[in-house]
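Peer 1: mind looking at a prediction? Sequence and model below.
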Amino acid sequence: MNSHTVRVARWSARHPWRAVAGWLVFVVLCLVVGGAVGTNSARTADYRVGEAGRAEAMAAEDHLERRSTEQVLISARSDTVNRQNRKHEQDAEAAAGDLTARMRSLPEVADVAAPLWSGDGRILMVEVALKGEERDAKDKVDALTAQTAAVQKSHPRLLLEETGSPSISKGVDQQRGDDLALSEMITLPVTLVTLLVVFGSVVMAAVPLLLALSSIAAAVGLSMVVSHVSPDAGVGTNVILMIGLAVGVDYTLFYLKREREERARADGRLSTEALVELAAATSGRAVVVSGLAVVASTATLYLASDVIFSSLATGTIVVVLVAVASSLTALPALLAALGKRAERRARRRAERGKPTRRTRHEGHREGLREGLREGRESGGGRVWTALLRPAARHPLATLCVSVLALLALVLPLAGLKITEMSRDTHSREIPAMRVYDRLNEAFPEQRVQHEVVVRADASRAEEVTRALRRTAELADADPLFTDYSLIRTSDDHRISVLRLKVPHLGNSDQAYDSLDHLRDDYLPATVGRVRGAEYGVSGDVARYADYPAHQNGKLPLVLGALLLVTFAMTVYAFRSVVLGLIGVVLNLLSAAAALGLLVLVFQGTWAEGLLGFHSTGSIGSRVPLFLFVILFGLSMDYQVFVVSRIREAVLDGVPTRQAVLDGIRTSASVVTSAAVVMTTVFVSFVFLHIIEMKQIGFVLAAAVLLDAFVVRIMILPSALLLLGDATWWPSRATRRAPAAPGRADHNSPVVDVR
């Protein structure tokens, strides 16, 4: 009882209003400080990986890096009009001239290219290059769209439409914000209803939700501060909302349920402060261990050496630590305040001579339903007793059938195809994406651009130029390329850039083939023969190819570290190597099964209408690694909570077999409620438009359901029952502990798992 967890809970319970006020001050302080320092967003250089990243870094040395561009399409409002109509041609060129003059006057614009007609003469394109970094371009696009709108107003008979990477990025951000608002509208009511069912009280249901929301608010503020150490890639808020609500409610739920059980068991014999301390000593410790496990697991994402994964890791770690802090400080204070209020009410009823409902009624209704000794007597206990019956009576058969069922879901992984989700996969509900499609159709030669970057001694500049011209000649003879080429050389003649164009979409096989021809055949035969020259290919297709390759190269390191961390945390929590091995195997199995289910659903087309997506025939390159890391952490919630209950019973003298059945039965309702909350949060992300977020939401929801209802109800109890006392190896019985009255015979041997 003298642990830090109990001491913090004791102080909070004795000074509830100070603790609550302190928590609110902390939340406000986080928001104020975060707002003051702002978010340090990741720069373009932070995203560079692989050969494409090295090439971009070389080009940036002498300011030859690729600029963000916007394309304005000018066409007649009637599709029957084309360049053959002299009036249309004059109007379009006049509008292009007006637009060019306006764009060149903007401080954000670096250059405006000469207007270009489409092959069929229907569309005139004006391309505008922006100054500064690619990552900043979307913040400058409003100035350009304002000029486009002004020219549109001056030429009402024409249609002016704007697209480009900046406007598409801005549209994606807007859509993501709208999607998150929709996600919250779905998640919050469902979570509240679930908590109402669990507690049967509006006040008690509101406590977990309010604490989770306050934790999210504090984490958002703190993440702004932390972004000055680890830059934010724009996904931090997304993951804080997704993970924060899930773990915030879960941790509070674990704590609340245990306090109510102890209150029902005490039957008025213990004070509110003592009950809160009991909950802190049991579920409070489980929350701390679980939170640390999530943090340790998520930290392995930093090994991926990728700014997006680092941003995801930072957001998750911050919100989990804040959620743990709220469960250990504000929650005991609220429980103490609510408990004392209930006691005062009971005393007033007693003084008026009315029957005292006290907490006994609540205890029989909910607490005793989940108590270790009386779980069988209620309907809830009977349900979980029935669900556990296969594992209790036929553990080997249940284990084999459950494992085989999960392995069947793993089979689709054999066809897993991982790709980088490119610009072409964005929702067409974004206006700029619809214009992008028109651009690709009217100007196929503009679809993809490769950039060959060469760095060599200035004395070899002419030799490098000849090699690049030879490269352009080889590409010109290749049907995968257009006949366009452009060579630029830096003022100091050290850096040269060759631009080549490909008439295929960036996510097409032809575009990837053109990259392979360039990297594997043409460049080694030309630039590769220039002594001392360093070279690389960048561009959208190169990025799409290099990013998955980079992730695949980091996957063994991250996964190995993740398995080691999971094993170490489990052994630390329960002093059992066997449980550590079981935890690793079960997490791997459930994650692989969920990923197999994801492949089955998203790589095919049969579920497109059901889930509202267009299949790319692949899985986003970030999804598998994110799944494994986050699921391993979240699974520790259930593992720690369930096994902690079993361990408590064993330490009280209950034989391992009975402890397993009682521990899982009494924790089943909490695990189920937590799984429902988590699943609701993750499923809400399936309604988002961004395909990668859909996949992440789906796979995490599937993984949580499999973990809660198959792994924890079927596989885990079966394995523990088969292992018996060997579960706690190497912590063997070194002494006999007295059995708890009514639970086991006083002479029963007890496994010491401390």
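Peer 2: Cool, got the structure.

Peer 1: where along this protein do the strands fall?
Peer 2: With strands called from DSSP state E, the chain shows them at 69-76, 109-112, 116-117, 123-130, 158-164, 418-419, 448-455, 485-489, 495-502, 534-538, 619-620.

Peer 1: so what's the residue most central in space within the chain closest to, chain neighbours aside?
Peer 2: Geometric centre of the chain, nearest residue: V239, 5.0 Å, by Cα atoms, centre = their mean. Nearest-residue entry for V239: G315, 4.1 Å, with adjacent residues in sequence omitted and distances by Cβ to Cβ, 6 or more residues apart in numbering. In short, each C-beta sits where N, CA and C put it, glycine included.

Peer 1: for A143, find the nearest of the strands of the chain.
Peer 2: Of all those, strand 109-112 sits nearest to A143, with 8.4 Å by Cβ to Cβ.

Peer 1: which residues does the closest one contact?
Peer 2: Residues from elsewhere that reach strand 109-112 (Cβ atoms under 8 Å, 6 or more residues apart in numbering): R67, T100, M103, R104, V126, E127, V128, A129, L130, K131, L144.

Peer 1: distance from stretch 539-559 to the middle of the chain?
Peer 2: Relative to the centre of its chain, stretch 539-559 is centred 18 Å away, using Cα atoms, centre = their mean, to the nearest Å.

Peer 1: no no, stretch 528-548
Peer 2: Its chain's C-alpha centre and that of stretch 528-548 lie 30 Å apart, by Cα atoms, centre = their mean.

Peer 1: what's the pLDDT at R48?
Peer 2: pLDDT for R48: 90.

Peer 1: pLDDT score assigned to the nearest residue to it once chain neighbours are set aside?
Peer 2: Leaving aside its sequence neighbours, R48 sits nearest to E56 (Cβ to Cβ, 6+ apart; 5.5 Å). Looking at E56, its pLDDT is 93.

Peer 1: 604 is where my numbering starts, stick with that
Peer 2: Yes, from this point I'll number from 604; that puts the last item at E659.

Peer 1: quick one, what contacts the residue nearest to the centre of the chain?
Peer 2: Each residue near V842 by Cβ under 8 Å, 6+ apart is listed here: S914, L915, G918, T919, V922.

Peer 1: before we move on, the earlier item: go ahead and confirm the residue nearest to V842 touches L825.
Peer 2: No: in this structure, G918 is not within contact of L825 by Cβ atoms under 8 Å, at 9.8 Å.

Peer 1: what about these two, which has more around it?
Peer 2: In this view G918 and L825 are compared by other Cβ atoms under 10 Å, and G918 has more residues nearby, 30 against 24.

Peer 1: residues touching that one, list them.
Peer 2: Going by Cβ under 8 Å, 6+ apart, G918 touches A822, S826, V838, G839, T840, N841, V842, I843, I846.

Peer 1: let's see that with 6 Å instead.
Peer 2: By Cβ atoms under 6 Å, 6 or more residues apart in numbering, the residues touching G918 are S826, G839, V842, I843.

Peer 1: same thing with A1114?
Peer 2: Residues in contact with A1114, defined by Cβ under 6 Å, 6+ apart, are V1051, V1105, H1107, V1144.

Peer 1: which of the contacts of G918 tops the neighbour count?
Peer 2: Greatest neighbour count in the contacts of G918, by other Cβ under 10 Å, goes to G839: 28 neighbours.

Peer 1: thought that residue was touching S914?
Peer 2: Yes: with contact defined as Cβ atoms under 6 Å, G839 counts as touching S914 (5.2 Å).

Peer 1: let me have the contacts of strand 712-715 in a markdown table, adding neighbour count and distance to D1079 as columns.
Peer 2: Shown next, in a markdown table, are the contacts of strand 712-715 (neighbours: other Cβ atoms under 10 Å; distance: Cβ to Cβ, whole Å):
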| residue | neighbour count | distance to D1079 |
| --- | --- | --- |
| R670 | 16 | 24 |
| T703 | 19 | 30 |
| M706 | 24 | 31 |
| R707 | 12 | 32 |
| V729 | 24 | 26 |
| E730 | 18 | 22 |
| V731 | 28 | 27 |
| A732 | 17 | 25 |
| L733 | 26 | 29 |
| K734 | 15 | 31 |
| L747 | 24 | 33 |
